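> All I have is the shape, not the residue letters:
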């Protein structure tokens, strides 16, 4: 339990925004409802001490990312996690880093001198023949309506290898009036959901192994309510 709690807290720390053999594509802009993306300087997420503070190698150990793994980072933002995962999986592995925002991907390409995919995951379908060992969807789905979330979860379930898992972290809308409810409503995501709605959405399309809500606190005050879900394709 302590390891899992560490994992979800560490992942949240680079959830705001967040490789070899990654293809670049430029599809038509998405026509479905989405939130207004962050338009500030992505460099604020690149401070030199971040990797050490987050103990990113330990996070990847907990996610079972190892040499030869195949990983998909959905909503990769500026590519911070994707590049580190690519170093871990090595030349025999594969990391796909996808984001629909071309500005994020342009930044990642300039910063890391690698290829990233500008793609809408609801239509993108270039997966390895034997599937992904791990798919990370980190604070992404609350920017999409339920119809598009369902389409994406259905698609991602087909991307998994036989032993693969999806790891989802999402912002929860508390039902009571509180600081965390105010901050959830103030988030750029237009589709923040109560905990029960997240569970139903995930259960409709995946077989849940872990579903764990948790608070993010500062000085004793809960600022955000989050949920971590680990799931696999339905058998």
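Arrived safely, thanks for sending. From a predicted model like this one, the values you see are computed outputs, not experimental measurements.
> can you pull up the bridge partners for residue 74?
Judged by DSSP bridges, the bridge partners of residue 74 are residue 98, residue 137.
> Provide a list of residues in contact with it.
The contact partners of residue 74, by Cβ atoms under 8 Å, 6 or more residues apart in numbering, come to 98, 121, 135, 136, 137, 138, 140, 152, 156. Using the backbone N, CA and C atoms, a C-beta is placed for each residue, glycine as well.
> Over to residue 130?
By Cβ under 8 Å, 6+ apart, the neighbours of residue 130 are 70, 161.
> Give the single residue among the contacts of residue 74 positioned nearest to residue 179.
Closest approach between those and residue 179, by Cβ to Cβ: residue 138, at 22.7 Å.
> how far away is that closest one from residue 110?
Per Cβ to Cβ, to the nearest Å, residue 138 is found 22 Å from residue 110.
> These two: which is more packed in?
Neighbours were counted for residue 138 and for residue 110 using other Cβ atoms under 10 Å; residue 138 has more, 22 against 9.
> Please tell me how far the more buried one sits from residue 199.
Here the criterion is Cβ to Cβ. By it, residue 138 lies 18 Å from residue 199.
> For the longest helix anywhere in the chain, list every residue counted as buried.
If you go by DSSP state H, the chain has its longest helix at helix 146-159. For helix 146-159, a neighbour-count test (16 or more other Cβ atoms under 10 Å) marks 148, 149, 151, 152, 153, 155, 156, 157, 159 as buried.
> of all these, which comes closest to residue 215?
Set against residue 215, the nearest of those by Cβ to Cβ is residue 149 (23.1 Å).
> Tell me the one among the buried residues of helix 146-159 nearest to residue 66.
For those, the nearest to residue 66 is residue 159 (18.8 Å; Cβ to Cβ).
> nearest spatial neighbour of the closest one, skipping sequence neighbours?
Of all residues not flanking residue 159 in the chain, residue 127 sits nearest, at 4.6 Å (Cβ to Cβ, 6 or more residues apart in numbering).
> which residues sit in contact with residue 135?
By Cβ under 8 Å, 6+ apart, residue 135 lies in contact with 71, 72, 74, 156, 159, 160, 164, 165, 166, 167.
> mind checking the SS state of the last one?
If I follow you right, that is residue 167. strand (DSSP: H, G, I helix; E, B strand; the rest coil).
> which residues does it form a beta bridge with?
When bridges are called by DSSP bridges, residue 167 pairs up with residue 136, residue 230.
> Verify the stated contact: it with residue 232.
No: assessed by Cβ atoms under 8 Å, residue 167 is found out of contact with residue 232, at 10.7 Å.
> follow-up on the earlier one: would you mind putting the contacts of residue 74 into TSV with distance to residue 219 alongside?
Shown next, in TSV, are the contacts of residue 74 (distance: Cβ to Cβ, whole Å):
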residue	distance to residue 219
98	36
121	37
135	35
136	29
137	30
138	25
140	28
152	36
156	37
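> Could you save those as CSV and add columns showing distance to residue 172 and pLDDT?
As requested, those are exported to CSV (distance: Cβ to Cβ, whole Å; pLDDT from 0 to 100):
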residue, distance to residue 172, pLDDT
98, 24, 83
121, 22, 80
135, 21, 95
136, 18, 92
137, 15, 92
138, 14, 86
140, 14, 87
152, 19, 92
156, 20, 94
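> from these, which is closest to residue 209?
For the contacts of residue 74, the nearest to residue 209 is residue 135 (13.5 Å; Cβ to Cβ).
> List the contacts of residue 75.
Residues near residue 75 by Cβ under 8 Å, 6+ apart: 18, 98, 99, 100, 121, 137, 138, 139, 140, 143.
> most surrounded residue in those?
residue 99 (28 neighbours).
> I'm done for today, thanks for sticking with me.
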